[in-house]
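>>> Got a predicted structure plus its sequence, pasted below:
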Amino acid sequence: MIQESQKQSTASQRFWDAYKASVEENRVRPDLSIFYVKWVRAFVDFIPGKRLRERSREDIEAFLAHLGTNPGIEDWQVRQAGHALKTSIRSRHYSIRTETAYVDWVRRFIAFQDYADPGRINSASAVKGYLDYLATVRKVAASTQNQALNALVFFYNHVLDEPIGDMESFVRAKCPQRLPEVMTRAEVHALLDQMQGVCALIAGLMYGGGLRIMESVRLRVKDVDFGRRQIMIRDGKGQKDRITMLPERFIPPLEDHLARVRAIYDSDRAKEVPGAYIWPALARKYPKAASEWIWQYVFPAKSLSVDPRSGTVRRHHINESLVQKAVKEAAFRAGINRKVSCHTLRHSFATHLLEAGYDIRTVQELLGHADVSTTMIYTHVLNRPGLSVKSPADF
């Protein structure tokens with residue numbers, strides 16, 4: 001009996017140690033994290049006998065309301081308690097975009113189940129029914145359905161701690177095989193001629209180096225190597241690093257741009273504005289890194305903004321929607337009669353390299369594709385699946 005009690009005590013202590021570590025990973029100082037543990041422990045004791053994963057938002061609101069009626073507790077302590085409960089779901093290193101998307105899918109799923117408690121329903125049949133609904137009624141794309149599935153699997157595995165297990169086959173959304181939209185070289189030059197400023201420079205790098213839009217706006221100063229004429233892409237799609245070329249055409253304007261960014265950086269340092277966002281583990285290892293020049297964004301925003309996770313007011317990178325809008329407007333002014341987006345520049349980069357006779361494996365590495373079959377799609381655009389094919393009408 002004593003050994004069983006000791007085991008439970010040890011397991012409980014491991015849980016609270018893990019929670020304290022996750023709180024500190026979410027930018028809470030170690031000297032404050034002990035108070036977060038205190039508030040969550042109080043929340044556990046507030047409703048004895050009810051497991052944490054069974055508690056609802058109403059339970060949290062009731063707990064915070066109870067704290068507010070206690071004359072010995074200040075308003076800031078109530079806010080601290082609320083923040084402590086929120087950080088309990090941020091123990092994994094997911095991007096803010098993934099986190100937002102997963103939360104939205106879980107909300108839609110719960111609404112689809114008429115707001116029934118997801119922990120008390122048959123998870124496999126419920127998830128299957130929702131995925132079938134997305135494919136047959138909503139007629140969503142295959143990628144959308146896959147994202148919903150990933151969100152629900154994560155929800156049941158890591159939040160409710162009740163894995164879905166074996167699930168019957170569900171209706172799969174159709175995955176159409178579409179060819180990428182590609183501009184000619186003349187159209188690319190016409191597009192770039194219609195752009196100016198920072199957006200023109202970003203568009204030039206997307207075409208000249210095959211960068212994705214988010215890879216472009218997230219570039220750091222240290223990632224641009226003028227000596228080697230190359231760009232290091234950090235944490236690209238699939239959390240993979242790769243190296244691509246830095247077009248010589250854009251070196252002079254990029255150097256001028258960085259000189260202006262350096263002036264903004266110096267002004268921010270003089271005003272003691274917090275440095276750029278860096279990953280929590282790196283911030284703990286190098287506390288001053290965020291304020292160093294090499295970690296600043298190559299394309300910073302014009303104004304300061306609030307970090308959605310930490311609440312810190314800092315200078316983030318430029319909003320990608322500004323670049324997307326600028327590219328579409330430039331395509332319209334250039335009279336390009338096709339659907340053009342930022343990703344079209346990346347498609348054009350790959351296609352024009354193949355047209356110039358470069359090896360497909362080289363293009364694969366520059367694009368960061370895990371499988372060469374993904375890169376092979378550009379040979380279809382070229383009408384060259386291995387050999388140059390000529391129409392019999394032209395023999």
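Received, thanks.

>>> for the stretch 201-350 of the chain, which spans come out with low pLDDT?
Where the stretch 201-350 of the chain drops to pLDDT under 70, the residues are 309.

>>> can you give me the helices for it?
213-217, 251-270, 280-285, 320-333, 342-355 (DSSP state H, counting those that start in this stretch).

>>> Out of these, which is closest to Arg120?
Checking the helices of the stretch 201-350 of the chain against Arg120 by C-beta to C-beta gives helix 280-285 as the closest, at 34.7 Å. For every residue, glycine as well, the C-beta is placed using N, CA and C.

>>> what comes up buried for that closest one?
For helix 280-285, the neighbour count (16 or more other C-beta atoms under 10 Å) marks Pro280, Ala283 as buried.

>>> Now do that helix: distance to the chain's middle.
From the chain centre to the centre of helix 280-285 is a distance of 19 Å (C-alpha atoms, centre = their mean, to the nearest Å).

>>> in stretch 256-263, what counts as buried?
His257, Leu258, Val261.

>>> Pull the contacting residues for Gly209.
Ile231, Thr244, Met245, Leu246, Pro247, Phe349, Leu366 (C-beta atoms under 8 Å, 6 or more residues apart in numbering).

>>> Most neighbours of all the residues you listed, which one?
Within those, most neighbours by other C-beta atoms under 10 Å means Ile231, with 25 neighbours.

>>> So what pairs up with that residue in the strands?
For Ile231, the beta-bridge partners are Val224, Thr244 (DSSP bridges).

>>> Distance of the nearest residue to Thr136 once chain neighbours are set aside relative to Leu134?
In space, and not counting its chain neighbours, Thr136 is closest to Val171: 5.6 Å by C-beta to C-beta, 6 or more residues apart in numbering. Distance of Val171 to Leu134, computed by C-beta to C-beta, to the nearest Å: 9 Å.

>>> ok, Asp166 - how many residues close by?
Around Asp166 there are 6 residues (other C-beta under 10 Å).

>>> Grab the nearest non-local neighbour of Gly210.
Among residues not flanking Gly210 along the chain, Phe349 sits closest, at 4.1 Å (C-beta to C-beta, 6+ apart).

>>> on that earlier part again, which of Val171 and Leu134 has more residues huddled nearby?
Between Val171 and Leu134, Leu134 has the larger neighbour count (other C-beta under 10 Å), namely 23 against 13.

>>> and that one, which of the three is it?
Recorded secondary structure, Leu134: helix (DSSP: H, G, I helix; E, B strand; the rest coil).

>>> residues in contact with it?
Counting by C-beta under 8 Å, 6+ apart, Leu134 has contacts Val140, Thr144, Gln145, Ala148, Ala173.

>>> And the furthest pair within these?
Ala148 and Ala173, at 9.8 Å, using C-beta to C-beta across those.

>>> The stretch 101-250 of the chain: strands as residue ranges?
224-225, 230-233, 242-245 (DSSP state E, counting those that start in this stretch).

>>> and those strands, which is most packed in?
Comparing the strands of the stretch 101-250 of the chain by mean neighbour count (mean count of other C-beta atoms under 10 Å), strand 230-233 comes out on top with a mean of 19.

>>> and that one, how far out from the chain's middle?
19 Å.

>>> And stretch 108-123, by the same measure?
For stretch 108-123, the distance to the chain centre is 27 Å (C-alpha atoms, centre = their mean).

>>> Stretch 236-251 now?
Centre to centre, stretch against its chain (C-alpha atoms, centre = their mean), the figure for stretch 236-251 is 18 Å.

>>> cool, and stretch 240-253?
Relative to its chain's centre, stretch 240-253 lies at 23 Å (C-alpha atoms, centre = their mean).

>>> Can you check the distance spanned by that stretch, start to finish?
Terminal residues of stretch 240-253 are spaced 28 Å apart (C-alpha to C-alpha, to the nearest Å).

>>> Mind listing residues that contact it?
Contacts to stretch 240-253, defined as C-beta under 8 Å, 6+ apart, come from residues 201, 204-205, 208-211, 224-226, 229-236, 254, 365-366, 368, 370.

>>> for stretch 351-367, same thing?
180, 182, 185, 188, 209-210, 242, 244-245, 346, 349-350, 372, 374-376, 378-379, 381-382, 384.

>>> Which among these count as buried?
182, 188, 209-210, 242, 244, 346, 349-350, 375, 378-379, 381.

>>> Would you reformat the buried residues of stretch 256-263 as TSV and include distance to Gly165?
TSV is the format used below for these (distance: C-beta to C-beta, whole Å):
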residue	distance to Gly165
His257	53
Leu258	53
Val261	51
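
>>> who's in contact with Gly204?
Here Gly204 is in contact with Leu192, Pro247, Arg249, Phe250, Pro253 (C-beta under 8 Å, 6+ apart).

>>> Buried ones only from those residues, please, as a PyMOL command.
Selection of buried members from the contacts of Gly204 for PyMOL, criterion 16+ other C-beta under 10 Å:
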select buried, resi 192+250
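
>>> Distance to Lys339 for the contacts of Gly204 - can I get that in JSON lines?
JSON lines is the format used below for the contacts of Gly204 (distance: C-beta to C-beta, whole Å):
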{"residue": "Leu192", "distance to Lys339": "18"}
{"residue": "Pro247", "distance to Lys339": "24"}
{"residue": "Arg249", "distance to Lys339": "26"}
{"residue": "Phe250", "distance to Lys339": "25"}
{"residue": "Pro253", "distance to Lys339": "28"}
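
>>> Identify the residue spatially nearest to Ser123, adjacent ones excluded.
Ser123 sits nearest to Ile164 (C-beta to C-beta, 6+ apart), 4.8 Å away.

>>> Run a quick neighbour tally on the one you found.
19.

>>> Now do it, the pLDDT please.
We have a pLDDT of 80 for Ile164.

>>> So it is in contact with Phe154, correct?
No. Between Ile164 and Phe154 there is no contact under C-beta atoms under 8 Å: 10.5 Å.

>>> ok so, going back, among the contacts of Leu134, which ones are buried?
Val140, Gln145, Ala148, Ala173.
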